[in-house]
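> Sequence first, then the predicted structure, then my questions.
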Number of protein chains: 2
Amino acid sequence: MEEKEISQAVIGRLPRYFRYLGELKDQGIERISSQDLSGLMKVTASQIRQDFNNFGGFGQQGYGYNVEYLYHEIGKILGLNRKHNFIIVGAGNLGQALGNYLNFERRGFIFKGVFDIDPQLAGREIRGVKVMPMEQLEQFVRDNDIDIAVLTIPKTGAVEVAEKLVKNGIRAIWNFAHVDLNVPEGIQVENVHLSDSLMKLSYNISRYMKENGEA
Amino acid sequence: MEEKEISQAVIGRLPRYFRYLGELKDQGIERISSQDLSGLMKVTASQIRQDFNNFGGFGQQGYGYNVEYLYHEIGKILGLNRKHNFIIVGAGNLGQALGNYLNFERRGFIFKGVFDIDPQLAGREIRGVKVMPMEQLEQFVRDNDIDIAVLTIPKTGAVEVAEKLVKNGIRAIWNFAHVDLNVPEGIQVENVHLSDSLMKLSYNISRYMKENGEA
């Protein structure tokens, strides 16, 4: 299927479609209309049709979408038909949480290694994977066909670690370090800045209180 | 200061401005032009001026922004001049990671309690706060002026827990459970769907490989 240039906003909505379709599939539902999907997901049916039209449409108007087919097609668009080896850099609580998240494996993300600067953590295991010292990072990335690095380290050092990862052939960084990375074109970065997200929440509380005369 | 209706896109960018200004402040920098801020943050100077104009502008053209003033003004807009008590529901690795994150305290988010359904975790401590059984959740929220609940539990149960929290006066939910919550108007929800973020990364790897003939 030929894809045109798709906006990041549309891409951002695809995982949510994928999640809902997976649930419908698990419930044994075979077909769903864009109206029903719209009601379930609380987005307009026209938005759904527009989003899907980016990828050729997927379904017949008036007849609804085949849930299983749509689920698999969106999965393919998301690249979930391909396996990705990943490592975690930073074996603290957040690194452990992500390493222990079994669902990633189910989506084709294979947990291969975990690294930490703290020698006291060396040898500990996260889901059967031993924590390795940072000195072994570069060699490991080269030898194990690692696509994705998850950065769960403090912002100090994150930029330098990212450079090393890129130099050794990583394709993508899932960045939880509280700093913006500066990577060459072609390296994909997805930031999860947790503090930023919490501040957005704080803003919305504050605005609501003002609008309602509570502050 | 009167605020007009601000788009969520602008709001989404405010924490990043706040982060950069905090770093400039820590480096002892007193003034910065929108051009220099633009270079640093890799957004256009015109975007910066447009964003700031939503809040009255903050600075003099050609003379630059006062870093300290701008930092505090944006902090106020984000509601960071107000303290927020928060609890964590779910004392697993992710809950522990968030409970241990000291920076939240510095921004006015005070960690008051943590709850888990697993009786084996009861009594354990996260940063001096004892894990409590779920039975105590509702009373605790009512008695301790809790504004924000952080949900780090599996999707099963998350909707029900959210309802209880809302019933007992919570203002906002920072939702890490992999499900969309259905809350009354006026309750703020900020979702962090980690799987969705990883899938976006996967899409971008996939698209890059296709564009470059690797797949």
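Alright, I've got the coordinates. Model, not experiment: these values are computed from the prediction. Numbering: from 1, shown residues only, chains lettered A, B, ... in the order given.

> Where do the helices of chain A begin and end?
A:8-26, A:34-41, A:45-53, A:67-77, A:93-99, A:103-106, A:137-143, A:158-167, A:194-211 (DSSP state H).

> Return the set of buried residues in the fourth one.
Right, the one you point to is helix A:67-77. Of all the residues in helix A:67-77, those buried under the rule 16 or more other Cβ atoms under 10 Å in any protein chain shown are A:V67, A:L70, A:Y71, A:H72, A:E73, A:I74, A:G75, A:I77. Every C-beta, even on glycine, is put in place using the N, C-alpha and C of the backbone.

> about what we covered before: for A:W174, find the nearest of the helices of chain A.
helix A:93-99 (8.4 Å; Cβ to Cβ).

> Show me what the closest one is packed against.
strand A:84-89, strand A:109-116, strand A:125-126, helix B:93-99 (3 or more Cβ pairs under 8 Å, 6 or more residues apart in numbering or on different chains; DSSP states H and E).

> need the helix or strand of chain A with the lowest average pLDDT.
Lowest on mean pLDDT, DSSP states H and E among the helices and strands of chain A sits helix A:103-106, with a mean of 86.

> ok, the nearest residue to A:N182 once chain neighbours are set aside - contacts?
In space, and not counting its chain neighbours, A:N182 is closest to A:V159: 6.8 Å by Cβ to Cβ, 6 or more residues apart in numbering or on different chains. Contact analysis of A:V159 by Cβ atoms under 8 Å, 6 or more residues apart in numbering or on different chains lists A:V179, A:L181, A:N182.

> So among these, where is pLDDT lowest?
Lowest in pLDDT among those is A:N182, which has 89.

> Give me the neighbour count for it.
11 (other Cβ atoms under 10 Å in any protein chain shown).

> measure it to A:I173 for me?
11 Å (Cβ to Cβ, to the nearest Å).

> cool, A:D147 as well?
Distance, A:D147 to A:I173, using Cβ to Cβ: 10 Å.

> hey, what's in contact with both of A:N182 and A:I173?
A:A162.

> Can I get the helices of chain A in TSV including distance to B:M199?
What follows is these, written out as TSV (distance: least, Cβ to Cβ, whole Å):
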stretch	distance to B:M199
helix A:8-26	4
helix A:34-41	16
helix A:45-53	15
helix A:67-77	9
helix A:93-99	14
helix A:103-106	10
helix A:137-143	22
helix A:158-167	20
helix A:194-211	18
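
> which stretch in these is the model least sure about?
helix A:103-106 has the lowest average pLDDT among the helices of chain A, namely a mean of 86.

> Show me what it is packed against.
On a contact count with 3+ Cβ pairs under 8 Å, 6+ apart, helix A:103-106 meets helix B:194-211.

> Residues touching the least confident helix or strand of chain A, excluding its own?
Residues contacting helix A:103-106 (Cβ under 8 Å, 6+ apart): A:F86, A:L98, A:F111, B:H178, B:S195, B:L198.

> ok, now with 10 Å
For helix A:103-106, contacts defined as Cβ atoms under 10 Å, 6 or more residues apart in numbering or on different chains pick out A:22, A:80, A:83-84, A:86, A:98, A:109-111, A:127, A:148, A:150, B:154, B:178, B:194-195, B:198.

> Derive a ChimeraX selection command for the buried subset of these.
Selection of buried members from these for ChimeraX, criterion 16+ other Cβ under 10 Å:
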select /A:22,80,84,86,98,109,110,111,148,150 /B:178,194,195,198
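
> Quick one: residues contacting A:L21.
A:29, A:32, A:37, A:41, A:65, A:67-75.

> out of those residues, which touch chain B?
Restricting these to those near chain B by Cβ under 10 Å from any Cβ of the partner chain leaves A:M41, A:I74, A:G75.

> now, which of those sits nearest chain B?
A:M41 (7.9 Å; Cβ to the nearest Cβ).

> Could you verify my assumption that that closest one touches A:Y20?
Yes: judged on Cβ atoms under 10 Å, A:M41 makes contact with A:Y20 at a distance of 5.6 Å.
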